[in-house]
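# Predicted coordinates and the sequence they were generated for:
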Amino acid sequence: MSKKKVLAKIRELQKLPGNDKCTDCGSEDVSWAVLNHGFLICVKCAGVHRGLGVQYSQVRSTELDVDCWDEKTFAEFEAKGNSRAQKIFEANVPKYYLSPRECMNDLVRKNWIETKYLEKAFRASETTLINVRMPERALVRWLHKRNDSGKWQKRYCILFHDTLS
């Protein structure tokens, strides 16, 4: 299949219902794909998925990595897609759990993706949610702290429950 045809088919995939937004954070940038799960993601989530390793997420660009797209891959994406992936991987998300759709923080994004795909804590088949991290809303703020020389410096802080990280 020619590069032009592949890119055209990818654009069609991106227009399917549910595929117009990143499956993890809801961003409108869907320029990356997770081939082994059959869904589209944004560039920021792609960075976290790459960090998981290829045994969990095989991430490819929808614009640059056109060589890895074939008819079988397109058929899988058409059968699966973002909506189905969310139903599978987010079946048991606790109502209190902070997701990147609510807080576009890199720490929240990384925690969400690791919990969702490595631990598989939110899948319908999982019955235990005991090891779910970050159960409460985070307070994310810039604070000023005085250093040893007396100069005030800006620090990015995240407060979870009663712990400052």
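That came through, no problem.

# Spatially nearest residue to Glu90 (excluding sequence neighbours)?
Leaving out its chain neighbours, the residue that sits closest to Glu90 by Cβ to Cβ, 6 or more residues apart in numbering is Phe122, at 5.2 Å. Placement of C-beta: from N, CA and C, glycine included.

# correct me, but the one you found touches Thr115?
Yes. Phe122 is within contact range of Thr115, at 7.2 Å (criterion: Cβ atoms under 8 Å).

# Checking the residue most central in space within the chain next. Helix, strand or coil?
The central residue of the chain, meaning the one whose C-alpha is nearest the mean C-alpha position (Cα atoms, centre = their mean), is Asp24 at 3.5 Å. Under the three-state scheme (DSSP: H, G, I helix; E, B strand; the rest coil), the conformation of Asp24 reads as coil.

# Surely it and Val43 touch.
No. Shown here, Asp24 and Val43 do not form a contact pair, counting by Cβ under 8 Å, at 11.6 Å.

# just to revisit the earlier point, let me know the distance separating the residue nearest to the centre of the chain from Gln86.
9 Å (Cβ to Cβ, to the nearest Å).

# Next, the contact list for the residue nearest to the centre of the chain, please.
Neighbour list for Asp24: Ile41, Cys42, Cys45, Pro100, Arg109, Trp112, Ile113, Lys116 [criterion: Cβ atoms under 8 Å, 6 or more residues apart in numbering].
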